[in-house]
Every structure is written in C-alpha cells, then in structure tokens.
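> structure for the following, please:
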Amino acid sequence: MAEAHTMREAGKTPGKNASSLRKSPRLLLISVTDFPVGGATSTHCRLIVKGLRTNHADAALLIPHGEIWGGMKNRKLGGRSDGVPFIFMSRSTDRPRTKVSRVRETLTAMYCAARFIDRRRTAGKLDAVLISTPDFFKYFPLIFVCLHRRIPMFLWTVERMSFNRDKRGAWANWLRLSYRIAERILPRFAAGIIVISSRLKGYYQEIVDPDRIMISPILIDPQETTGPSPQTTFDGNEKRGHESVLLYAGSFAPKDGVPCLIEAFSRIAPSFPNLRLVLLGKNDHTRTLLRLRERIECLGLQERVDMPGFVSRERMQRSMQKAAILLACRADTLFARYSIAWKIGEYALTGNPILAARVGDIERIFTDGKEIYLARPDDPGDIAEKITSILENFPQALRIGAAARKKALRELDYIPQTARVLDFVNRNIRGG
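This is a model prediction of the structure:
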C-alpha cells in the first residue's frame, strides 16, 4: 500500500543506526499543497522536510488534498520526491471541479488524515506535527486528534490569511472567520509557532510566550541553480541578438501587484523596444487574469507581454537565470505586510538584479541599493523609474545581484535553517 510504503521510507534517515533513530523526533508536516509540482507552498514543504531529514529527523509530508484542479500531471498519491516521503489522503492529486465534490473530498481527506495521525501515535511512531497555516474549521478533525492524544502541535505560518481580500462573498467571509479563530485561539494550544516574518512574530507574542515562537525565513536550496546565465545582459544596443526580459514569477492574485507591473512597463516600453515583460504563474484566478489581459490590450502591449501560465520548475529556473530584472512588486496590503514573497529567495540565487516593493519583511534580509532594489508599492511611476535606472546602470546592477546571491547563500540555506527549526521543536517538545 502507498501509505505503508511511504511511512517505511520515512523511517530511513540516512547515516543513522536504529538506536540513534529512536532518539530522533518523528515528525509529520501537514499541508494542503500540489506536491511536488506546485508553487511556493510545495517548495517550502519540500525544503522543510528535506532539511529536517538531512538534520537526522524522521520527517514526512502528509497532504490531505491538493490545491487546484487541472494542469498538474504525473503526480503520485504517495512515495518519495527529492528525498521527501509524502502521502495524499485524497483519492486524487487534483481537486474536483464542483464545489459540492470539493467539500465532500475535504471532509473525507481530513477524516482520513486524522485517523492516520491517530494510528501513528498509537504505534509510537509520531512525536509531533507541524501544521501549515491551518484553516480551523477544515483542520478541526486533525486538531481534535492532536489535543485528545496529546500530540504536540507546531503551527507553521507564513501569512495572516484572515487579511486576505482576494476573494469575496459569503464563502470568503466564512474562510476568514475560520482563519481568525486559528490565528487567535489555536496558538494557545500549540507547543510552538514557526513564522516567516518579524511582524507575524510580533502578532503572536501578544498571545503566547515569545519563547514559543521562532522566525524561519524563506529558504533556498543552493544546489538548484548555479547562478546567472551568460545571456543575462543589457547593453542598450538595439542590434543585440536577443531580447531582454523583465520577469515576474508567482501568483496573479491582487495582493501580488501584477497590474502595477503592467502599468509600469507601459511607461518604459517605448524607450526600450527590445524589452519584454514575462509573467509566469498559476492561472487559477480567472477573473483577475481576464482583467489583466484586457488591460494589456488596452495599453497596446499584446506583443510585448507574455503570460505562459504555470510552467515546470526547470523552465521557470531557466527563465529566471536569463532575465535582465526579476520582479516582486507586491501591493501594500495588510496581508502582504505580514509576509514576504517566497520567490525572492529563488530570485537571489540567480545573481540577477531584483526589484521588489518595499513591503513586508524584505528589508530584514536584503538592503536597498546593496543587495536589492526597492520601489514604493502601488506606484507604477516609481517602479518604472527604478527599472530604467537598473537598465541604464546594468554593470552595477549585476554586482548588486551578485551580492544578493552571496547573502542568500549565507543566510537562507535550508539545511542550517531547518537545523534551527529542529532545535526549536525538540526544545518545545521537552518543555511540553
């Protein structure tokens, strides 16, 4: 069975004998994600579990169900991916198309996940769980089992989902209520909270002891890329043999500021005829995409803006390596202020210049003008000016990009960062 196979694999931590394995914490990271081919959440899950295992924890990924339907091919319900043992509780890796079917799948998947956790605890094969940004009502069966069986829970949160205003209507209000309960009440029952930003830590410090909170930043795997491509150039010469690219990779949700990037590009496009804007990401916000395409057509940029949609990780990495500038200009919303764009870590690995909005925890990691370029959020004029300045001083911009790569390698490497997470988990398990 896939379940038995996956959990047997989870017990095989390299370099440790049976005696030392019994001293290692047995952990499950629980997350709704399109593993292993999804976006930022999938990457984060992979690096967390892979890093914990590299640091000799017996860790695996438990996925109640996937995130979206369609577009994700060749995925398995369980096994290993890049050294990460994983298992889906649902019968498919894709979400059903209808709302009724999605609700039915969610209820079934969460019940199966709760039973799975209970069985692991009964067998003495589970010491703690890490729950990713829990929706209280959806995750209630898992939460109940953890409380009933006294399984230490660690909340891993990268956003304040109750501030998300991308969706509207009664169902969106219900979700925000569920997240508010998870953010205000659930921390009191958690053994510890792992957050991605200083602002999130400040929020949870008002609820629980600061010793039960740690910041784990965006993570990178230094082995995934070798730095900038030789084609990463910009010399202002109209006769060069290839076009230069401004690249954005991520979600197309309103919080990500893509409309602002399009407006900024429209202002500089006449001055740089060989410059293109490429927008990579999941196409699961249909109305937003329709509005973006309409705005692109209105500005007459159809031949200058590409939207390939969701692409493979390999293609995305190649595109990032070849881009002249990498963009992460999020909108200035409460939602964005509590987080940081996960893609910035991967951007930094390329050594190419990065232009980001001055919002969230970005300045806690990178310094403006030294390792990154920062623009005012929601300001197309300022973004356009910064892009122009970068292109007109491109040798300096490449030096700044190289400095960002060095900083990322030094401070965001997933192996030492997950060693910190493991120390935090061990300390709080013993404390509990």
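
> what ranges do the strands span in the stretch 51-200 of the chain?
Counting by DSSP state E, counting those that start in this stretch, one finds strands in the stretch 51-200 of the chain at the ranges 58-63, 78-81, 84-88, 128-132, 153-157, 192-195.

> strand partners of the third one, parallel vs antiparallel please.
Right, strand 84-88. Applying DSSP bridges, strand 84-88 is found paired with strand 58-63 (parallel), strand 78-81 (antiparallel).

> lowest mean pLDDT across those strands, which one is that?
The stretch with the lowest average pLDDT out of the strands paired with strand 84-88 is strand 78-81, scoring a mean of 93.

> quick one: stretch 397-412 to chain centroid distance?
On the basis of C-alpha atoms, centre = their mean, to the nearest Å, stretch 397-412 is displaced by 20 Å from the centre of the chain it belongs to.

> low-confidence ranges in this structure?
Scanning the chain with the threshold set as pLDDT under 70 gives 1-23, 69-75, 166, 225-243, 282-286, 431-432.

> show me the domain layout of it.
2-219+413-431, 222-411 (automatic domain parsing).

> start and end of the shortest one, how far apart?
Criterion C-alpha to C-alpha, to the nearest Å; first-to-last residue distance in domain 222-411 is 11 Å.

> report the contact partners of Thr122.
In this structure, Thr122 makes contact with no residue, judged by C-beta atoms under 8 Å, 6 or more residues apart in numbering. From N, CA and C alone the C-beta is placed, and that goes for glycine too.

> that older thread, dump the strands of the stretch 51-200 of the chain to TSV, plus distance to Thr388.
Listed next are the strands of the stretch 51-200 of the chain as TSV, based on distance: least, C-beta to C-beta, whole Å:
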stretch	distance to Thr388
strand 58-63	44
strand 78-81	42
strand 84-88	42
strand 128-132	40
strand 153-157	37
strand 192-195	36
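
> now render the ones you listed as TSV, adding distance to Asp379 and mean neighbour count.
Putting the strands of the stretch 51-200 of the chain into TSV (distance: least, C-beta to C-beta, whole Å; neighbours: other C-beta atoms under 10 Å) gives the following:
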stretch	distance to Asp379	mean neighbour count
strand 58-63	39	26
strand 78-81	40	17
strand 84-88	40	25
strand 128-132	33	23
strand 153-157	29	23
strand 192-195	28	24
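
> packing partners of the helix or strand containing Met316?
Element membership of Met316 [criterion: DSSP states H and E] is helix 313-322. When contacts are defined as 3 or more C-beta pairs under 8 Å, 6 or more residues apart in numbering; DSSP states H and E, helix 313-322 packs onto strand 244-249, strand 275-280, helix 343-350.

> so what's the gap between stretch 344-355 and the chain middle?
Chain-centre distance of stretch 344-355: 15 Å, with C-alpha atoms, centre = their mean.

> correction: the previous question concerned stretch 179-198.
The gap between the average C-alpha position of stretch 179-198 and the chain average comes to 18 Å, counting by C-alpha atoms, centre = their mean.

> and what of stretch 102-111?
Relative to the mean C-alpha coordinate of its chain, stretch 102-111 is positioned 24 Å out (C-alpha atoms, centre = their mean).

> same question for stretch 308-319.
Taking C-alpha atoms, centre = their mean, the mean C-alpha location of stretch 308-319 is offset from the chain mean by 16 Å.

> go on, stretch 344-360?
The gap between the average C-alpha position of stretch 344-360 and the chain average comes to 14 Å, counting by C-alpha atoms, centre = their mean.

> how about that stretch as CSV, C-alpha atoms only?
Once side chains and other backbone atoms are set aside, the C-alpha atoms of stretch 344-360 remain, and they are given as CSV (Å, rounded to 0.1, in the frame of the first residue of the first chain):
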residue,chain,number,x,y,z
ILE,A,344,12.7,36.4,-3.7
GLY,A,345,15.0,33.7,-2.3
GLU,A,346,15.0,31.8,-5.6
TYR,A,347,15.5,35.1,-7.5
ALA,A,348,18.6,35.9,-5.3
LEU,A,349,20.1,32.5,-6.2
THR,A,350,20.4,33.6,-9.9
GLY,A,351,22.6,36.5,-9.1
ASN,A,352,20.5,38.7,-11.4
PRO,A,353,19.1,42.1,-10.3
ILE,A,354,15.9,42.1,-8.2
LEU,A,355,13.4,44.8,-8.0
ALA,A,356,10.9,44.4,-5.1
ALA,A,357,8.3,46.6,-3.4
ARG,A,358,9.2,48.0,0.0
VAL,A,359,6.6,45.9,1.9
GLY,A,360,6.7,43.1,4.4
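
> for Ile215, give the beta-bridge partners.
Beta-bridge pairing of Ile215 under DSSP bridges involves Val195.

> just checking, it touches Ile193?
No: distance between Ile215 and Ile193: 10.0 Å, which falls outside the contact criterion (C-beta atoms under 8 Å).

> ok, for Ala40, nearest residue in space, not its chain neighbours?
Once its chain neighbours are removed from consideration, Ala40 has its nearest residue in Trp342; the separation is 3.8 Å (C-beta to C-beta, 6 or more residues apart in numbering).

> run a quick neighbour tally on that neighbour.
Residues near Trp342, counting by other C-beta atoms under 10 Å, number 21.

> which residues are in contact with Gly124?
Going by C-beta under 8 Å, 6+ apart, Gly124 touches no other residue.

> separation between it and Asp58?
12 Å (C-beta to C-beta, to the nearest Å).

> for Glu252, helix, strand, or coil?
No Glu there; residue 252 is Phe. coil (DSSP: H, G, I helix; E, B strand; the rest coil).

> residues near it, how many?
The local packing count at Phe252 equals 24, with neighbours defined by other C-beta under 10 Å.

> same check on Leu142?
Using other C-beta under 10 Å: Leu142 sits among 25 other residues.

> relative to Gly345, how far out is it?
In this view, Leu142 and Gly345 are 29 Å apart by C-beta to C-beta.

> many thanks, I have nothing further to ask.
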